[in-house]
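Asker: Generate coordinates for the sequence data below:
(chains A and B)
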Protein chains: 2
Amino acid sequence: MSAEIICVGTELLLGDILNSNAQYLAKQLAQLGIPHYFQTTVGDNPERLKKVIEIAASRAQILIFTGGLGPTPDDLTGETIADFFGATLVEKPEIIDDITQKFAARGRVMTPSNRKQALIPEGAEILPNQTGTAPGIIWQPRPGITIFTFPGVPSEMYRMWEETAVPFLKSQGWGKEIIYSRMLRFFGVGESALAEKVASYLNSTNPTVAPYAGKGEVRLRISAKATSPTQAEELIVPVEKKLQEIAGLDYYGADNDTLATVVGRLLHTAGQTLSVAESCTGGTIGQMLTEISGSSEYFWGGVISYDNSVKVGLLGVNPQDLEKFGAVSATVAEQMALGVKTRLKTTWGLSVTGIAGPTGGTDTKPVGLVYIGLATPNGKVESFEYTFGASRGRSLIRHYSACTALDLLRRKLLMGNG
Amino acid sequence: MSAEIICVGTELLLGDILNSNAQYLAKQLAQLGIPHYFQTTVGDNPERLKKVIEIAASRAQILIFTGGLGPTPDDLTGETIADFFGATLVEKPEIIDDITQKFAARGRVMTPSNRKQALIPEGAEILPNQTGTAPGIIWQPRPGITIFTFPGVPSEMYRMWEETAVPFLKSQGWGKEIIYSRMLRFFGVGESALAEKVASYLNSTNPTVAPYAGKGEVRLRISAKATSPTQAEELIVPVEKKLQEIAGLDYYGADNDTLATVVGRLLHTAGQTLSVAESCTGGTIGQMLTEISGSSEYFWGGVISYDNSVKVGLLGVNPQDLEKFGAVSATVAEQMALGVKTRLKTTWGLSVTGIAGPTGGTDTKPVGLVYIGLATPNGKVESFEYTFGASRGRSLIRHYSACTALDLLRRKLLMGNG
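Answerer: This is a model prediction of the structure:
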């Protein structure tokens, strides 16, 4: 018994859109423990779609279609499936009612073209669409084959999948064993270095541990197959603790944590506040911290001191030092951090100054050279030098700089201040 | 004659990664004018991969594989293809040399497992990989079938495609007619409103015009089929001009332009400078502007005045007005804009204060209410009220706020200052 994902849409063949529906459905099937071995993408073409259905029905028992349920003439998925299995289409008055009401709520009148969305194969059940006008179907056109259709709009599809398809599949006996995962997040350690440290866990079976890397951080995903959340926790937690122990301070959080949410939590717990002085990151750290609702409690703001005049005028950086050491220097980073902490009257002051490139590098100060300054609660100030490498490019150098600054503060907060 | 894209990797079936390779290749094929009707995804399983090859070879003539060329035992694409077409694998010394050199450059020694990457089917040509260790192949295993293999790592695949596959396909007669496109970008107008205005162009054939919408902006893509860039320009430019004319100030740029790059260009041309005072956007506008190399010329920096104390202390907002009108008010937005312009001595001062939510809204000041202040070169200051709607969510409200602020300045700059 296995499922197959079939994505219908000429826009996928033209590369106009990224097929995120296939990834979503793949993840969902894995979680429910439903094997799936093939995914096919085909355009809005009935003849080719029929060939795809023929192949899929010969090798899978659950066929999941997305796309092609809209009101325009090129939306042909429903009628092509019905045609392939030799079923008649019937108009469902409850769908007409639903579409009419949805149009009315938006102050509009249903167009004749929407009428075709009310046609479903005889014997199929309606898979209701709460947010859009296109309903899907659940249908067993012949013994051993179950068809699901979903609209291509991801948000509509997700909701229909969760609210209707999942309960149906569970009622059919699927999902007794579900895959539960936890993503552990690490910063300040490379993928291969971390993989070597935790090597003995990478071959374990339940839970499995798999490493991922991207944009400066490394992740380890722990996945357990279990019949209940409690059983999954029993499998995951001991491994999670071991991995955290091995990684030490390089471990920063799990699942939806970001460096900003973790720093925010630590500041909140300590009852402390933060301000930032950003040069090469130009507002990125502020942006990351304020993305979190409630961050105003511990993040008071900062200064984007892109031009040197702002470093002097708003942060009190010494113009002679700027001249002597340059804007990208340990001294200036320290004065920026202290300046913002003093002026904004916060517990901590964090600063970044660097050369994000691609221009502006010299032999002694290459692109990718970044100084991070940290003014601590006891009035001291420290600075740290990083070379992120010109080859990474401007955008990533800025991202690494902002993340590294937050990570530095995180470590200080964990070690009980400076 | 058509192509088929076959993506190999169990991680795709588990939903661990998004299949961006399929989108990239689809776009590339469309540009070269090579029809393609099917995309298939399959795991690292030789039996199932063989079935996929059999189906693909029966309906397409160019088979493009990505993934499964690595050094680990589950990387089986190369040998499975060879096996299907009954070819022997031969070890290529030049690949061994290349891998050895790449390892040496990284201060490492080639591992025995990499040796398998040097095995390619007899008669196939090597498709060199400049950045990684896994080479691909170009191979005609039988008349009328051409095979391409690429590693799954997108950056490696892109380069190999552009540097080797495209010249090869052109040498085979493809790409004589190429699709050239220009993306026109609009802000401050809805998708349906713009579509209605340009309705007569949406049915044209060469060039075609298609609307897209996302994250507050609307785009119109003009696509022309032509035999040369010059011919494409001749087709695209007249339509481009007409669409710009119809859209007026709602048109802001083309292709890789962003509101920040356009504002930057206008400031540069005018020889003017900008500073920002950000409350609810918390650094987002600064982040957007400083993402552009060379922005220090016109963007001097700003203040992230997240806490009210920073609005008073660093921007000179009147505490009585803060008390009387609230931090989210026209008065405070104006004082923030004027404050940052005066203190940073820039030509323009731009400010944002609003309620990004999800908490903090009231009956009179709901989540999504945002004020934008603009201090102009002549010393005047204006403010503008927006209601972006709580349902959009914190992240999008912040994004809309930042984009709308930049768009406001763009319009002022185009209209010859304030």
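Asker: drop to CA atoms for contacts and neighbour counts, all remaining ones
Answerer: Will do.
Asker: quick one: contacts for the residue of the stretch 201-350 of chain A found nearest chain B?
Answerer: Of all residues in the stretch 201-350 of chain A, the one sitting closest to chain B is A:Gly283 (4.1 Å; CA to the nearest CA). Neighbour list for A:Gly283: A:304, B:282-287, B:304 [criterion: CA atoms under 8 Å, 6 or more residues apart in numbering or on different chains].
Asker: Check A:Gln31 too.
Answerer: Contact analysis of A:Gln31 by CA under 8 Å, 6+ apart lists A:175, A:178-180.
Asker: repeat that for 6 Å
Answerer: If you count contacts by CA atoms under 6 Å, 6 or more residues apart in numbering or on different chains, A:Gln31 has them with A:178-179.
Asker: what angle sits between the helix or strand that contains it and helix B:20-32?
Answerer: Assigned by DSSP states H and E, A:Gln31 belongs to helix A:20-32. Orientation of helix A:20-32 against helix B:20-32 (axes from the mean of the first three to the mean of the last three CA atoms, to 10 degrees) gives an angle of 160 degrees.
Asker: I'd like to know the average pLDDT value across helix A:20-32.
Answerer: Average pLDDT, helix A:20-32: 95.
Asker: how distant is it from the center of its chain?
Answerer: In terms of CA atoms, centre = their mean, to the nearest Å, the centre of helix A:20-32 is found 14 Å from the chain centre.
Asker: how about the helix or strand just after that helix: buried residues?
Answerer: Later in the chain than helix A:20-32, the nearest helix or strand by DSSP H and E is strand A:36-42. Neighbour-count burial for strand A:36-42 flags A:36-42 (criterion: 16 or more other CA atoms under 10 Å in any protein chain shown).
Asker: Contacts for strand A:36-42, please.
Answerer: A:2-8, B:37-42.
Asker: 7 Å instead?
Answerer: A:2-9, A:49, B:13, B:37-43 (CA atoms under 7 Å, 6 or more residues apart in numbering or on different chains).
Asker: likewise stretch A:239-256?
Answerer: Counting by CA under 7 Å, 6+ apart, A:182-189, A:198, A:262, A:411 sit against stretch A:239-256.
Asker: Test my guess that A:Thr149 contacts A:Ile64.
Answerer: Yes. Applying CA atoms under 7 Å, one finds A:Thr149 in contact with A:Ile64, separated by 6.0 Å.
Asker: who has more neighbours, the two?
Answerer: Taking neighbours as other CA atoms under 10 Å in any protein chain shown, A:Thr149 and A:Ile64 compare with A:Thr149 leading, 28 against 20.
Asker: show me the contacts for the more buried one.
Answerer: A:64-66, A:136-138.
Asker: pLDDT wise, what is the residue lying farthest from the centre of chain A at?
Answerer: In chain A, the residue that sits farthest from the middle, by CA atoms, centre = their mean, is A:Gln320; the gap is 45.2 Å. Listed pLDDT for A:Gln320 reads 98.
Asker: Just to be sure, it is in a helix?
Answerer: Yes. The assignment for A:Gln320 is a helix, going by DSSP: H, G, I helix; E, B strand; the rest coil.
Asker: For A:Glu297, see how far away the residue lying closest to A:Tyr298 once chain neighbours are set aside is.
Answerer: Closest residue to A:Tyr298 apart from its sequence neighbours, by CA to CA, 6 or more residues apart in numbering or on different chains: A:Thr273 at 4.4 Å. A:Thr273 sits 8 Å away from A:Glu297 when distances are taken as CA to CA, to the nearest Å.
Asker: who's more crowded, the two?
Answerer: Neighbours per residue, other CA under 10 Å: of A:Thr273 and A:Glu297, the larger number sits with A:Thr273, 23 against 16.
Asker: Look up phi and psi at the more buried one.
Answerer: phi -130, psi 160 (degrees, to the nearest 10).
Asker: got the contact list for it?
Answerer: A:Thr273 touches A:267, A:298-300, A:346-348, counting by CA under 7 Å, 6+ apart.
Asker: coming back round to it: inside strands: which ones of the contacts of stretch A:239-256?
Answerer: A:182-187 (DSSP state E).
Asker: Please enumerate the strands of the stretch 151-300 of chain A.
Answerer: Using DSSP state E, counting those that start in this stretch, the strands of the stretch 151-300 of chain A run over residues A:178-187, A:208-214, A:217-226, A:251-254, A:274-278, A:299-304.
Asker: Please, which helix or strand holds A:Leu63?
Answerer: Per DSSP H and E: strand A:62-66 holds A:Leu63.
Asker: I'd like the mean pLDDT over that strand, please.
Answerer: pLDDT averaged over strand A:62-66 gives 98.
Asker: contacts for it?
Answerer: Contacts for strand A:62-66 (CA under 7 Å, 6+ apart): A:2-8, A:145-152.
Asker: Can you give the domain ranges for chain A?
Answerer: A:3-171, A:178-254, A:259-414 (automatic domain parsing).
Asker: so of those domains, which one's packed in deepest?
Answerer: domain A:259-414 (a mean of 22; mean count of other CA atoms under 10 Å in any protein chain shown).
Asker: Let's see the distance spanning that one from one end to the other.
Answerer: For domain A:259-414, by CA to CA, the gap between its terminal residues amounts to 13 Å.
Asker: quick one: it to chain centroid distance?
Answerer: 26 Å.
Asker: Which pLDDT value goes with the residue most central in space within chain A?
Answerer: By CA atoms, centre = their mean, the mean C-alpha position of chain A lies nearest to A:Asn256, the distance being 8.4 Å. pLDDT, A:Asn256: 91.
Asker: phi, psi of it?
Answerer: phi -80, psi 10.
Asker: Within range of chain B, give me the residues from the stretch 1-150 of chain A.
Answerer: A:13-15, A:17-20, A:23-24, A:26-27, A:30, A:36-43 (CA under 7 Å from any CA of the partner chain).
Asker: which residues touch A:Glu79?
Answerer: Counting by CA under 7 Å, 6+ apart, A:Glu79 has no contacts.
Asker: and it, what helix or strand is that in?
Answerer: Using DSSP H and E, A:Glu79 falls in helix A:77-84.
Asker: quick one: that helix to strand A:62-66, angle?
Answerer: Going by the same axes, to 10 degrees, helix A:77-84 makes 140 degrees with strand A:62-66.
Asker: Helix or strand next in line after helix A:77-84, which one?
Answerer: strand A:89-91.
Asker: which helices and strands does that following strand pack with?
Answerer: On a contact count with 3 or more CA pairs under 7 Å, 6 or more residues apart in numbering or on different chains; DSSP states H and E, strand A:89-91 meets strand A:119-121.
Asker: Partner strands of the strand it packs on, with direction?
Answerer: Strand A:119-121 pairs in its sheet with strand A:89-91 (antiparallel), by DSSP bridges.
Asker: who touches the partner strand?
Answerer: Outside strand A:89-91, the residues that reach it (CA under 7 Å, 6+ apart) are A:82, A:118-122.
Asker: what's the closest of those to chain B?
Answerer: A:Ala82 (21.0 Å).
Asker: ok, now which ones touch the closest residue to that closest one other than its chain neighbours?
Answerer: Take A:Ala82 and drop its neighbours on the chain: the residue closest to it by CA to CA, 6+ apart is A:Pro121, 5.6 Å away. Contacts for A:Pro121 (CA under 7 Å, 6+ apart) come out as A:82, A:87-90.
Asker: What segments of the stretch 51-200 of chain A are helices?
Answerer: Assigned by DSSP state H, counting those that start in this stretch, the stretch 51-200 of chain A shows helices spanning A:77-84, A:93-105, A:154-160, A:166-171, A:191-197.
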